[in-house]
Each structure stands twice: as structure tokens, then as C-alpha cells.
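In: coords below, sequence missing:
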């Protein structure tokens, strides 16, 4: 491809668009099932129990310590399949590219996206690109839609019972703070990396437990949002212990400095599991044996008697965790 | 919902986002399989032969005579499934909404999208919304990803043979010109409506013919692009007759005035079929019995002897149809 920047002609259905697709997207994403000549591709799936999800990505900046919008677009959608109890198999990819966007950056992002998909054995089999007029995009927006095959019993917030235990697979807030720090406007420096990663090993391990009720990855709105969603769906409370909540020191420092609460910050590689108390210790043990679950922790329980999300603080007080209203960090995923 | 315009808080994973989804998206899109609480939804499909496709939508203006970006987002993706030989079943929907976008307009568009899906018996079962910073979007961008079940023999450009006949299901260019005229910048008036519509009745009828080789809906890049794609894939030529090409008088007038070629203009409700000459007349007859195929026409044939796309003009001359380079009308879908 001769061009260095995206023009509207790269979105027109003609030669420039074809070359962009052939020489950039297909070059990285090629696989047996991907057919850019086809209007729709056939999926070879041995199971009828399919799971389906979609996610859009508008993170700013597009590249940050620990990942970029490409790895995020794979993990975000595949993690939604994983926590729902599926093995991710196929993805579609929509790219909305702003006129004038640097093709070298686009290439870096699509290369990362392709590598990320390959690592977790997921194939991008359908795609579409549109070019946005200069000034009508943020460089690049992506959407990925995923199909997975069910891998175990059906999970649902409706299964949750009084006394069930809340387990989180690792420290919260790394992704949110890593992306925020990558924004030049803050002028801060710290060794904080996004936790963006596949949760599939974690969810597969958890799914072995018949007492597993529900899992979710705490992305936008963070752990607080998962808990308030559980509270609203079950009409039972969630009691959390601040002293048990894993938060990295560097993340906590930035939060203290800028007034953020790690409970509301996005993770992109963590799982929250709600599990029968009989299985909780063994689940924690198994998660801790995995590299991605080394810092897993039991952080609280479901409480029918107090239908709020309550955080018991380290000094013995309590505060109510409310549903997120004002966004501490927009454009984080 | 109290708000009249979109704010960044409508994208933050908290209360405002939940209300936007519950009170607007779910209100119109509700169906048995849609579960906004789930990370991924289960699909109930009786067949393993699934087809999968995705499309992004950035049309400007968002509303135009004959449709809006919502109806387009359903038809665009479902038509890709239909021409590939599937019955569309499920859609996912991504909405990228610009901060400040009027919620009444969003509601009109999602309502149309829901009605369009219902008309063709397709269910939107997964979705995601992201809010773009003011000035970093064109109001609304959509992406839809579709799953369909195969309905007949496998179609492919590789099946195309010398002498096969090219049939188009109706006049070309209506969508492109209708959208262009809706842009205030042109200051023109004409009774031209987008052809945006489902092609499923047309593709089902065509699929009964064992001699059907391939179908495509001529969207971005128009009929010219379908023909140059056939030429490149088969290394055979396509010979077209200008006198047979259905183009509405009003569309031709605007094209003549502004120097557009209808061959390159987008349709959103037409099908181009390549069919064995033995089946062509009967296919044409069946299409013409359908309301959406009343103006169908045989417009040319595949020619191994001259590996170009050639248009035989009404006065007996010839011109070569080249692959689209400069886009006559960007942001048409």
C-alpha cells in the first residue's frame, strides 16, 4: 500500500478500500474461515449451544501501557463470552477509521489484534471498514462481535443465594489508571500497566464448580457496577471488605492523589465470581495456581438481610456503594 | 428518561447508561432472546450451517427519504446474509453516539430499526453503546453483525461459467441519489426514495434454481463494483447492455446534471444474480412476480473471451467499466 494516511477513498468500496483490506486487514487476520469476497461466511461449529455478544471500543489514547484498542477489542468481547460460560470461537470486526489516520498506527493496532486473537485461538471471520470524515472520529473506533460455544452449566444472577461468596481474580483498577496515565493531560508517570488479558483460563477453572452461580468481568463502571447490578437483580445486598480488596499500591496512590475510587475503575482482565460458600475456598485456591489469578481474593458475600452494596472499611466503619453516576474516567474502553 | 441530549455519562456503565438502554433501546428491541443483563446470550438455532456477517453504517444525513440509518443497519447486514444464501435470524447492534446527540432523533432511529427487524423476523439479541466525545462523531454510527441459517446450495463466484447471465432485481442508484439529495449542500429537489429494503424474498426465489451461481447486493461502489469483483475473481469478462440497465428517469436526470454514473451508485435493496442461461428467463419471470422485483432485468452475460467489464452503449459503442477509485458519493451507507 502506497498511502501513509487514510482518505475518504479508503471507504468507498473501490480500489483503495480493497487494497486497504487486502494489504492490511487480511494480511494480519488471514485464516481458513475468513473470506473477504463473501457477503457472509459459514461457521463450522460442532455445538448448537452458541453464545453471542458484542462490544464497541473508543478508548483514548488508542495505545497505552499493556495494550491498545486492538487487543482490547479481542479481550473485551471474548471475555464477555468467557464469563457467560463459553469458549470464544469466532469474531467479526468493524473498523470506523477517521480520514487522515496514520496507516502505520492502524497497522500496529490490527497486528496486535491479530496476535491477540491467535493467542486465544479465536478467528476473525467477518469484517467491515468505514471511513469517517476528518474531524468526525477519534482516529479509530472498533466493534467486535463474538460467537462462543457453551462450556458448562448455565450461569445467571438469578442463581445467586444468600451467603454466596464474592471472589475477584486479581487487583482492580489497573486498566483504568493505565489508560488515564497515558493521557498526556495528566502529566503523571507511574509503572502501571493495563490488565487487559484473556480470562478464559480463569472462567474454565471456575466452571468446574457446581456451586458457581455467576461471573462477570468488571469493565466500565468497575467492581462497584457489578455489585450494584447483582443487588438490583437479586434484591439482596452485597457486603464487601475493604481490607480484602486487591488494589496495587501504585493504583491506590494515583486514586488518592486524584480522588478516584478503585471500586469504579475498569478492569479488562479480571473476573468476579459469585460462588456457593462450600466451593469458595477451593475456587480461590485453583485461581491462585494460575498466573492470571495469583492475587485472587475473597472480598465479600451476598446478604439477604441488608439489600445494599456495603463496604466495610478497614477502620470498621461502613459506606454504601452507589450506582455510578458521574464518570470518573470516560473513554476507557 | 429525563434528558434530551446525550452526555458522556450516558456511556459510563452507570445509571445514565442503564437508563438509556432500558428506556430507549430495550423499549423498542425487546424480545425473548435479548438479555441486557447477560454478557452473552444463548442462540437457539436448529441448524449447524450458520452464516455470519457484519457491516458498519455512517450514512449522512442519518434520515433520508425512504429510510434512516436504523433501517439501513438492519437491511444492510440481513441482505448480506440473504445474498449469501441464508435466512437472517439474529443481529447484534453497536451504537456509537456523539455527546450532545438529540435523544428524540436516537429514539426515532432505534424505533425504525426495531420495526424493520420485526418485519423481516430478525431479532436483535446483543448490543453495546458507546458515547463519543462531542466533535468526535457524526451524530450516530451503527454496526450490526448478523447470523443466519443456510437455505440452499452454496453460492460462490468460483461457480460462475462462461455464458452465465447477469440479472438485476430493480433500478439501480435510488439509494445513492436519495441520500445525496437529502444533503442540504446540493439544494436539489426530486421525488427519489432510497430502495433500502429486504432482499430476502428475491434471494429465496432465486435459490430455487440449481443454475444460480452467485448473488450480491450492489451497495457501496454499486453494480460496477460487483462486476469488477466478478471479473477479478473469475478472470472472465462481464458484458453489459446499457439499454437493458434499469435506471429511473429521475435518477438518470440527477446523474446527468451532476456527472454521476448510476453504475457506481449504491443500492440497498437490489440483488445482482449470476445464473446459468438455462434458468435466467424463469428467474426473471419469478422475480417480476414479486413486488420488489417488478422492474428486474437481464442486463448482460459472462464472457470468457474478453476479460473486462464492458458496457455496450445504446448507440452501439462500448466503454470499459473500471474499478471505482474516486468516490462519487462518500458516506452513503
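Out: All right, it came through fine. These numbers were taken from a predicted model, which means no experiment stands behind them.

In: mind checking which helix or strand residue A:105 is in?
Out: Following DSSP states H and E, one finds residue A:105 within helix A:103-119.

In: After that helix, which helix or strand is next? Please name it.
Out: Using DSSP H and E, the helix or strand that directly follows helix A:103-119 along the chain is strand A:123-132.

In: For the very next helix or strand once past that following strand, which helices and strands make contact with it?
Out: Sequence-wise, the next helix or strand beyond strand A:123-132 is strand A:140-150, with elements assigned using DSSP H and E. With contacts defined as 3 or more CB pairs under 8 Å, 6 or more residues apart in numbering or on different chains; DSSP states H and E, strand A:140-150 has these neighbours: strand A:50-57, helix A:69-83, strand A:86-98, helix A:103-119, strand B:50-57, strand B:86-98, strand B:123-132, strand B:140-150. (Each C-beta comes from the backbone N, C-alpha and C, glycine too.)

In: ok, back up a step: what helices or strands is the helix holding residue A:105 leaning on?
Out: Taking 3+ CB pairs under 8 Å, 6+ apart as contact, the helices and strands that helix A:103-119 lies on are helix A:26-29, strand A:63-64, strand A:67-68, helix A:69-83, strand A:86-98, strand A:123-132, strand A:140-150.

In: Return the most buried member of those.
Out: Mean neighbour counts were taken over the helices and strands packed on helix A:103-119 using mean count of other CB atoms under 10 Å in any protein chain shown, and the top value, a mean of 29, falls to helix A:69-83.

In: Could you list the domains of chain A?
Out: The record's domain split for chain A, according to automatic domain parsing, is A:8-150, A:157-320.

In: Could you tell me the end-to-end distance of the last one?
Out: Read that as domain A:157-320. By CA to CA, to the nearest Å, the extent of domain A:157-320 from end to end equals 21 Å.

In: any chance you could read off phi and psi for residue A:296?
Out: Phi and psi for residue A:296, reported as degrees, to the nearest 10, are phi -60, psi 150.

In: Go ahead and list the helix or strand containing the residue lying closest to it once chain neighbours are set aside.
Out: Once its chain neighbours are removed from consideration, residue A:296 has its nearest residue in residue A:287; the separation is 4.0 Å (CB to CB, 6 or more residues apart in numbering or on different chains). Under DSSP H and E, the secondary-structure element containing residue A:287 is helix A:277-289.

In: And that helix, what does it pack against?
Out: Taking 3+ CB pairs under 8 Å, 6+ apart as the contact cut, helix A:277-289 packs with strand A:165-168, helix A:200-207, strand A:297-303.

In: Any chance you could list what contacts it?
Out: The contact list for helix A:277-289 (CB atoms under 8 Å, 6 or more residues apart in numbering or on different chains) reads A:163-165, A:167, A:169, A:202, A:205-206, A:208-212, A:273, A:275, A:293-298, A:301.

In: what residues are up against residue A:207?
Out: With CB under 8 Å, 6+ apart as the criterion, the residues that contact residue A:207 are A:85, A:151-153.

In: Point out the least confident member of the residues you listed, please.
Out: Looking at pLDDT alone, these dip lowest at residue A:152, where the score is 81.

In: That one should be in a helix, yeah?
Out: No. According to DSSP: H, G, I helix; E, B strand; the rest coil, residue A:152 belongs to no helix; its state is coil.

In: I'd like to know how many residues surround it.
Out: Burial of residue A:152, expressed as a neighbour count using other CB atoms under 10 Å in any protein chain shown, amounts to 16.

In: ok, now residue A:306?
Out: Neighbours of residue A:306 under the rule other CB under 10 Å: 13.

In: The one 5 residues further on now?
Out: Residue A:311: 23 surrounding residues under other CB under 10 Å.

In: Hmm, it is touching residue A:299, no?
Out: No. Under the criterion of CB atoms under 8 Å, residue A:311 is not in contact with residue A:299, lying 9.7 Å apart.

In: which neighbours do these two share?
Out: Contact with both residue A:311 and residue A:299 is made by residues A:240-241, according to CB under 8 Å, 6+ apart.

In: Find the helix or strand that the residue nearest to residue A:197 when sequence neighbours are not counted is a member of.
Out: When the adjacent residues along the chain are set aside, residue A:197 lies closest to residue A:269, with 3.4 Å between them (CB to CB, 6+ apart). Assigned by DSSP H and E, residue A:269 falls within no helix or strand.

In: Let me know how buried residue A:269 is, in neighbour terms.
Out: The criterion is other CB under 10 Å. On that basis, residue A:269 has 22 neighbouring residues.

In: Contact partners for it?
Out: Contacts here follow CB under 8 Å, 6+ apart; on that basis residue A:269 touches A:75, A:79, A:170, A:175, A:194-199, A:217, A:292.
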